[in-house]
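Student: need coordinates for the below:
(chains A and B)
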Protein chains: 2
Amino acid sequence: MTITITAFERSPDGGRGLARDTRVRWALEEVGQPYQVRLVSFRAMKEPAHLALHPFGQIPTYEDGDLALFETGSIVLHIAERYAGLLPDDANARARAITWMFAALNTVEPPILELANAALLEADKPWHDERMPLVEDRVRDRLKQLSARLGGADWLDGAFSAADLLMVSVLLRLKSSGLLDAFPNLLAYLARGEARPAYRRAFAAQLAINAVKPTGD
Amino acid sequence: MTITITAFERSPDGGRGLARDTRVRWALEEVGQPYQVRLVSFRAMKEPAHLALHPFGQIPTYEDGDLALFETGSIVLHIAERYAGLLPDDANARARAITWMFAALNTVEPPILELANAALLEADKPWHDERMPLVEDRVRDRLKQLSARLGGADWLDGAFSAADLLMVSVLLRLKSSGLLDAFPNLLAYLARGEARPAYRRAFAAQLAINAVKPTGD
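Tutor: Now for the predicted structure:
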């Protein structure tokens, strides 16, 4: 049975690896599972066939035989539970890694997405300039706490796990913002994640689809 | 071994059940596990002892013998995996329920939290009145998709599961906003969740701590 995931036909980020299929590709690369990709246009994402698979009309989705899943976090968790390499064997360490997966997506990412919304969806609003620092402060609060907890460790809790995969993916959104510069240990953590061969393969695979191609002849 | 969770010494919502310990109480009530509660003041939440347990200085936390967890979603998932009653037995149905748990927390709740931030943290800002409808539209988009998927079903995917527990808890945040009124099936879904005996016991337990007490005599 071949695993099939969906990805943007053309990612809005032009191949910077921020679309969420990169997280799933990374997980599959870490556990050494081959997969195929079905590209979906923005129009097709809102049509009944895709909505049957993903009720919120987004990517990625995950299909493996009879099983169809949506939601990146649950797809990564499913891969981590099904194949070895992304979760510790010890039951308590495993539960803690899953706690950090939720922390990445539910505590660290939401203010970062709010920042992205403020920057993209509200760029033309009269309040944009005055409001941005406020939203940045909310992100900074979380980074401060995360940095304090990480300290000098390589990964969040022992060896690299699906928790680090998601936390690094979340922090990648801030790469060009400058907000990470005040936290050298988070920058180093990010670099460690990006240096993993599995991440590099995942990044290259999405780039091959999304890189802005020269137009003309 | 007794399960211990943390909760606000005094919840900012005055006992409306929106603090996240209610979600964990509800899960424990559904699976019939007794628990004790340690109340934490706002000051204590930011002190080293609590930060060791919860790096982001929030509630709830979950302790059971050697195991300490934070993040509501992962605590509910841990309870659902450890005790019977909150996840289906069939492996695929179980994975789909977990997908919906992530959907509740990662897709439906973020715009609702953004709305709460806009209403609470930015109430005194000059842009408040003009910006609110914009943020409400983002919530409405999600509700439309959720309502379309739920249709006439009682629960998200077969029998009641931890996914419904989280989705109902997320929608409860909108109860007083009027935004649900356009979606009768979501209102009925919410009512079904609130009518569950386990929810009622969880709600009563948090209310006993948080109900605004008459001052003076």
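Student: so is the residue nearest the centre of chain A in a helix, a strand, or just coil?
Tutor: With the centre of chain A defined as its mean C-alpha position, the nearest residue by C-alpha atoms, centre = their mean is A:Ser169, 4.0 Å away. What DSSP: H, G, I helix; E, B strand; the rest coil gives for A:Ser169 is helix.
Student: hang on, isn't it packed against A:Val24?
Tutor: No: using C-beta atoms under 8 Å, A:Ser169 is not in contact with A:Val24; the gap is 10.0 Å. The way it works is simple: take the backbone N, C-alpha and C, and place the C-beta from them, glycine included.
Student: domains in chain A, by residue range?
Tutor: A:3-85+A:199-210, A:91-196 (automatic domain parsing).
Student: can you put those in TSV and add mean pLDDT and distance to B:Leu53?
Tutor: Listed next are these as TSV, based on pLDDT from 0 to 100; distance: least, C-beta to C-beta, whole Å:
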stretch	mean pLDDT	distance to B:Leu53
domain A:3-85+A:199-210	96	23
domain A:91-196	96	11
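Student: could these go into CSV alongside distance to chain B?
Tutor: What follows is the domains of chain A, written out as CSV (distance: least, C-beta to the nearest C-beta, whole Å):
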stretch, distance to chain B
domain A:3-85+A:199-210, 4
domain A:91-196, 3
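Student: can you pull out the strands in chain A?
Tutor: A:3-8, A:35-40, A:61-64, A:67-70 (DSSP state E).
Student: for the first one, buried residues please.
Tutor: When burial is assessed from 16 or more other C-beta atoms under 10 Å in any protein chain shown, strand A:3-8 yields the following buried residues: A:3, A:5-8.
Student: the second one now?
Tutor: Under the neighbour-count criterion of 16+ other C-beta under 10 Å, strand A:35-40 has A:35, A:37-38, A:40 buried.
Student: who's in contact with it?
Tutor: If you take C-beta atoms under 8 Å, 6 or more residues apart in numbering or on different chains as the criterion, strand A:35-40 is touched by A:2-9, A:21, A:25, A:28, A:50, A:59, A:205, A:209.
Student: re earlier: of all the domains of chain A, which one is nearest B:Asp64?
Tutor: domain A:91-196 (9.5 Å; C-beta to C-beta).
Student: so for the closest one, first residue to last residue, what's the gap.
Tutor: 25 Å (C-alpha to C-alpha, to the nearest Å).
Student: just stretch A:109-129 next, same as before
Tutor: 22 Å.
Student: figure out how far that stretch is from the centre of its chain.
Tutor: Between the centre of stretch A:109-129 and the centre of its chain there are 19 Å (C-alpha atoms, centre = their mean, to the nearest Å).
Student: what are the buried residues along that stretch?
Tutor: A:109-118, A:122, A:127.
Student: check contacts around the nearest residue in space to A:Trp26 that is not next to it in sequence.
Tutor: Spatially, and ignoring its direct neighbours in sequence, A:Trp26 is nearest to A:Ala202 (4.0 Å; C-beta to C-beta, 6 or more residues apart in numbering or on different chains). Residues in contact with A:Ala202 (C-beta under 8 Å, 6+ apart) are A:17, A:22, A:25-26, A:28-29.
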